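In: Need the 3D shape of this:
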Amino acid sequence: MKITLIKPNIGRREHSLYVDNASMEPLQLGILAALTPEDIEVVMYDDRLEPIPYEEKTDLVAITVETFTARRSYEIADEYRKRGVKVIMGGIHIKLLPEEAEEHADSIMIGDAESQWGNMIKDLRRGELKERYICTAPKVPQKGILTRRSIYEGKKYMPISLLQFSRGCGFNCKYCASSVYFEQHHYTRDIDEVVAEIKSQKRKLLFFVDDNIVANKARAKELFRALIPLKIRWVSQGSIDMLDDEELMSLMVKSGCLGLVIGFESIKPESIENMRKGVNRKFVADNYKEAIEKLRHYGLQTWAAFTIGHDTDTLESIRATYEFARRNKFTFAAYNILMPYPGTPLYDELKSQGRLLYDGKWWLHPQYKFNYTAFIPKNMTPDELTEAGFNCRRDFNSLGSVLYRLFEPRTNLRSPVRFFTYIIYNPVFRKEVFEKQGMTFGCLEKDEEERKLEGNLDPAGNRQENQ
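Out: Numbers count the residues shown, from 1 in each chain. The predicted structure is shown next:
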């Protein structure tokens, strides 16, 4: 028996398939592979890096689906089902919109797979795959499971190993799909198993993919103490309130933390209130001055994440956000246009106000493009917000900005490792600004158009013979 695991792409650029040269290993598929009995062959194909061999024999295709990859995921699923191959789908988007996904799958898995993957395998062996598997959230994630990293071999991923210490986040920001998926719960792994997983792989540079690695500060301290003897370097995501705990921060640095993605979200207190990001309230009061000073004190290279397009935002305040990030010489910064994810309070609010664009399903709409605005903002047009977001990303990653931000002595110039991290990854993200902007979701329709232009098909879709 054979199972094929698929990591879908977002889509394609205007005239060619998008190959993501900054792809990281799909951790969730490595965990599914580890959950699969040894007598079942497991292969994995990453649509971001390689073609999918639809004609290759397999008994089941399992596709992990995010909202941004939903359209492409459904295309892949439909192609396999045309060939009579069973398809199961899981991931965050499936829990948000199970009925939508069922139109393209023989089976769906709602929630984290640990509790039901084994039962699904038994049903598959009997030829009795259920239409739905309802998963219960594991109180201890990935219990007894070491990620099966052999499925990543031979693929061109960035040289950093992904793993997790925790899942979920206890906050309730109104735009966050993760809060809906995990129902505002936060779960941590056994620390001994995290250590064992680190030792089981070869790399010393790690990325903990946790939504908020410091959500449980007591457990985070235990983890950091356990990491110190391993002599690793790592990055993750964390909430800004970690800066209130000096012991936590000291242990974090000693454990090898290079830096964190931190959700600053906005420099406007009224925006923080509007998005219900209460954890940022005290820090935004002085324009994050104290927080930034502490981050520099600890030498952490910060990826400052902002969301733009809130009802409290203006074009002037969005530009001020760019200037704030450049002035403070953040190592990286993201300017994410506010996205109405289905199932979130933000989505419901905008829908009730009649402000959703693309028929309320931007993730499936053929005219929606990556990094475009999917709703009607309050203080600008959708096109103005799209342009403002692109301008922030373009200017922050300009050569002049990259050079200017390099000269921050307590972070980017603190050590050779931090210097080279800055030098290596800033060009990668600069390239992505231009390559991903305006990408079309999905691939199949564009492929057909290109074949017509090449003369392989006539306007009716019939294949022409070469003359």
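In: Do you know the pLDDT at K174?
Out: With respect to pLDDT, K174 scores 89.
In: how about D383, phi and psi?
Out: phi -60, psi -40 (degrees, to the nearest 10).
In: excluding its backbone neighbours, what's nearest it?
Out: T373 (7.4 Å; CB to CB, 6 or more residues apart in numbering). (Glycine included, C-beta is placed from N, CA and C.)
In: any idea whether the one you found is helix, strand or coil?
Out: When classified by DSSP: H, G, I helix; E, B strand; the rest coil, T373 comes out as coil.
In: quick one: the helices in the stretch 101-250 of the chain?
Out: Listed in chain order, the helices of the stretch 101-250 of the chain (DSSP state H, counting those that start in this stretch) span 117-126, 177-181, 191-200, 217-227, 246-254.
In: Just want the most central residue of the protein.
Out: E66 (8.3 Å; CA atoms, centre = their mean).
In: and it, what does it touch?
Out: 91-93 (CB atoms under 8 Å, 6 or more residues apart in numbering).
In: can you do 10 Å?
Out: 7-8, 10, 72-73, 91-94, 96, 177, 363 (CB atoms under 10 Å, 6 or more residues apart in numbering).
In: okay, and for the stretch 351-467 of the chain, where does confidence drop off?
Out: Flagging of the stretch 351-467 of the chain using pLDDT under 70 yields the residue ranges 445-467.
In: What of the chain?
Out: Ranges of the chain meeting pLDDT under 70: 13-21, 445-467.
In: Looking only at residue counts, what's the top helix in it?
Out: Identified as the longest helix of the chain according to DSSP state H is helix 416-436.
In: Quick one: list the elements packing against that helix.
Out: strand 233-237, strand 257-265, strand 301-308, strand 332-337, helix 382-396, helix 399-406 (3 or more CB pairs under 10 Å, 6 or more residues apart in numbering; DSSP states H and E).
In: how about these in a markdown table, adding distance to F208 and mean neighbour count?
Out: Compiled in a markdown table, the helices and strands packed on helix 416-436 are given as follows (distance: least, CB to CB, whole Å; neighbours: other CB atoms under 10 Å):
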| stretch | distance to F208 | mean neighbour count |
| --- | --- | --- |
| strand 233-237 | 4 | 22 |
| strand 257-265 | 9 | 24 |
| strand 301-308 | 13 | 22 |
| strand 332-337 | 17 | 21 |
| helix 382-396 | 25 | 19 |
| helix 399-406 | 25 | 14 |
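In: Could you dump these into CSV and include distance to F441?
Out: CSV is the format used below for the helices and strands packed on helix 416-436 (distance: least, CB to CB, whole Å):
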stretch, distance to F441
strand 233-237, 25
strand 257-265, 24
strand 301-308, 20
strand 332-337, 15
helix 382-396, 15
helix 399-406, 29
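In: Out of these, flag the one nearest Q164.
Out: Closest to Q164 of these is strand 233-237 (CB to CB; 9.2 Å).
In: neighbouring strands for that closest one, and are they parallel or not?
Out: strand 205-208 (parallel), strand 257-265 (parallel) (DSSP bridges).
In: can you state the direction angle for the last one and strand 301-308?
Out: What it means is strand 257-265. Here strand 257-265 points in a direction 20 degrees away from that of strand 301-308 (axes from the mean of the first three to the mean of the last three CA atoms, to 10 degrees).
In: from the middle of its chain, how far away would strand 257-265 be?
Out: 15 Å (CA atoms, centre = their mean, to the nearest Å).
In: what does stretch 24-37 give?
Out: 16 Å.
In: which residue packs closest to I151, ignoring adjacent ones?
Out: Per CB to CB, 6+ apart, closest to I151 is M44, 4.2 Å.
In: Check L162 too.
Out: L162 sits nearest to L27 (CB to CB, 6+ apart), 4.3 Å away.
In: Quick one: end-to-end length of stretch 318-335, please.
Out: 9 Å (CA to CA, to the nearest Å).
In: Now do the buried residues in that stretch.
Out: 318, 321-322, 324-326, 328-335 (16 or more other CB atoms under 10 Å).
In: Can you tell me which of those is nearest G354?
Out: Out of those, the member with the shortest distance to G354 (by CB to CB) is I318, at 23.6 Å.
In: gap between the closest one and D395?
Out: Counting by CB to CB, to the nearest Å, the gap from I318 to D395 is 12 Å.
In: Now do the shared contacts for the two.
Out: By CB under 10 Å, 6+ apart, the residues touching both I318 and D395 are Y335.
In: if we can go back for a sec, pull the most distant pair out of the buried residues of stretch 318-335.
Out: I318 and T331 (20.9 Å).
In: V43 belongs to a helix?
Out: No. V43 is assigned strand when assessed by three-state DSSP, not a helix.
In: quick one: contacts for it?
Out: By CB under 10 Å, 6+ apart, the neighbours of V43 are 2-6, 33, 53, 56, 58, 151.
In: Now, those that are in helices?
Out: A33.
In: I'd say I121 and V42 touch.
Out: No. Checked against CB atoms under 10 Å, the pair I121 and V42 is beyond contact range at 11.1 Å.
In: list the residues that contact both of the two?
Out: 1, 3, 35-36.
In: Can you tell me which of those residues are classed as buried?
Out: 3, 35-36.
In: In strands, which of the residues you listed appear?
Out: Members of the buried ones among the shared contacts of I121 and V42 lying in strands (criterion: DSSP state E): I3.
In: hang on, the earlier thing: which one of the buried residues of stretch 318-335 is nearest to E387?
Out: Of the buried residues of stretch 318-335, the one sitting nearest to E387 (CB to CB) turns out to be I318, at 10.1 Å.
In: so the closest one sits right up against C392, yeah?
Out: Yes. Using CB under 10 Å, I318 is in contact with C392, at 6.7 Å.
In: what about the strands in the stretch 51-200 of the chain?
Out: 60-64, 86-90, 107-110, 132-134, 161-163, 166-168, 186-188 (DSSP state E, counting those that start in this stretch).
In: Dump those strands to JSON lines, plus mean neighbour count and distance to K254.
Out: Formatted as JSON lines, the strands of the stretch 51-200 of the chain follow (neighbours: other CB atoms under 10 Å; distance: least, CB to CB, whole Å):
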{"stretch": "strand 60-64", "mean neighbour count": "25", "distance to K254": "35"}
{"stretch": "strand 86-90", "mean neighbour count": "24", "distance to K254": "37"}
{"stretch": "strand 107-110", "mean neighbour count": "22", "distance to K254": "39"}
{"stretch": "strand 132-134", "mean neighbour count": "15", "distance to K254": "42"}
{"stretch": "strand 161-163", "mean neighbour count": "23", "distance to K254": "19"}
{"stretch": "strand 166-168", "mean neighbour count": "23", "distance to K254": "20"}
{"stretch": "strand 186-188", "mean neighbour count": "20", "distance to K254": "20"}
